[in-house]
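S.K.: requesting a structural model of the entry that follows:
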Amino acid sequence: MNARLRQQAIVRSLRRNGTSTIATLAQDVDASRRTILRDISALRDEGFVIHSEPGRGGGLQLDPQSVQTTTKLSVVEVFALLISVVSMRAAGNLPFSSLADAGLAKIEKSLPSDKVRDLRQFLDCLYIGELSPLVDTSDISEMAPELLPVFETGFLQRQLISFKYRDAKGVISHRTVEPQAMLILPPLWYLVAWDPSRDDFRHFRMDRVLEPKCLENSKFRPKHVPFEDHVSPVQNFSHYSR
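M.R.: Below you'll find the model as predicted:
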């Protein structure tokens, strides 16, 4: 577990349990006592108020009003939050949507201008539509966690993406493509890309994409994607993104 994830886990543990010891936290995140002490110091530097109570029955306590004073969210993390909200709204299953939009707007407002620019460019690649009832969704699997960070580089830096692709019959092929758009057809998610080897656009189900990576020193020009009439840019669908 890297330092950031470990520190997030420490904050969650302190919020849930109220009081915890160094030994307990070390066991929870599988780290040494020295590492936990460094993490606590780093969290305090970021604005978290963590009290130490010595002696039997003592331990560490996080002030319930304590918050991080600096925004550490990356573009891809904010994008993940946004597309989750948008896809739930598209599926007609988003309670408290106004609160979700307000929260996302506050997060965006706190981002540096360069991250906002990247976020908007990322959003320009996102489209939403309706899935045909004839499409079989019984074999949906979990998407690779590294997919979205790879997309961030591929879309923003205009780099080609290579990956292994498992088709409906389970056959694996190797693909190298130019990423053009992301398409949400709830509950399926697709990468829409130009495939140079086939000289045409292709739709790849994201849950069938394996081991994605960007190809450094590769560049391409964006192309106009001919979507069907029921597909719309996310800007036309999400109140937040306007």
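
S.K.: report the buried residues of the longest strand seen in the chain.
M.R.: Taking DSSP state E as the criterion, the chain has its longest strand at strand 172-185. Neighbour-count burial for strand 172-185 flags 175, 177-185 (criterion: 16 or more other C-beta atoms under 10 Å). From N, CA and C alone the C-beta is placed, and that goes for glycine too.

S.K.: same question, stretch 206-217
M.R.: Residues of stretch 206-217 classed as buried by neighbour count (16+ other C-beta under 10 Å): 206-209, 212, 214.

S.K.: what's the farthest-apart pair in those?
M.R.: Longest distance between any two of the buried residues of stretch 206-217 is 19.7 Å, between 207 and 214; criterion C-beta to C-beta.

S.K.: pull the distance from the longest strand of the chain to the chain's centre.
M.R.: Put simply, strand 172-185 sits 17 Å off its chain's centre (C-alpha atoms, centre = their mean, to the nearest Å).

S.K.: show me what it is packed up against.
M.R.: helix 75-90, strand 126-128, helix 147-157, strand 161-166, strand 188-195, strand 200-205 (3 or more C-beta pairs under 8 Å, 6 or more residues apart in numbering; DSSP states H and E).

S.K.: so of these, which one's packed in deepest?
M.R.: With neighbours taken as mean count of other C-beta atoms under 10 Å, these reach their highest mean count in strand 126-128, at a mean of 22.

S.K.: gap between it and the chain center?
M.R.: Offset of strand 126-128 from its chain centre (C-alpha atoms, centre = their mean): 15 Å.

S.K.: that strand pairs with which strands, and in what direction?
M.R.: Applying DSSP bridges to the sheet, strand 126-128 is found paired with strand 172-185 (parallel), strand 232-233 (antiparallel).

S.K.: and residue 228, helix, strand or coil?
M.R.: For residue 228, the assignment made with DSSP: H, G, I helix; E, B strand; the rest coil gives coil.
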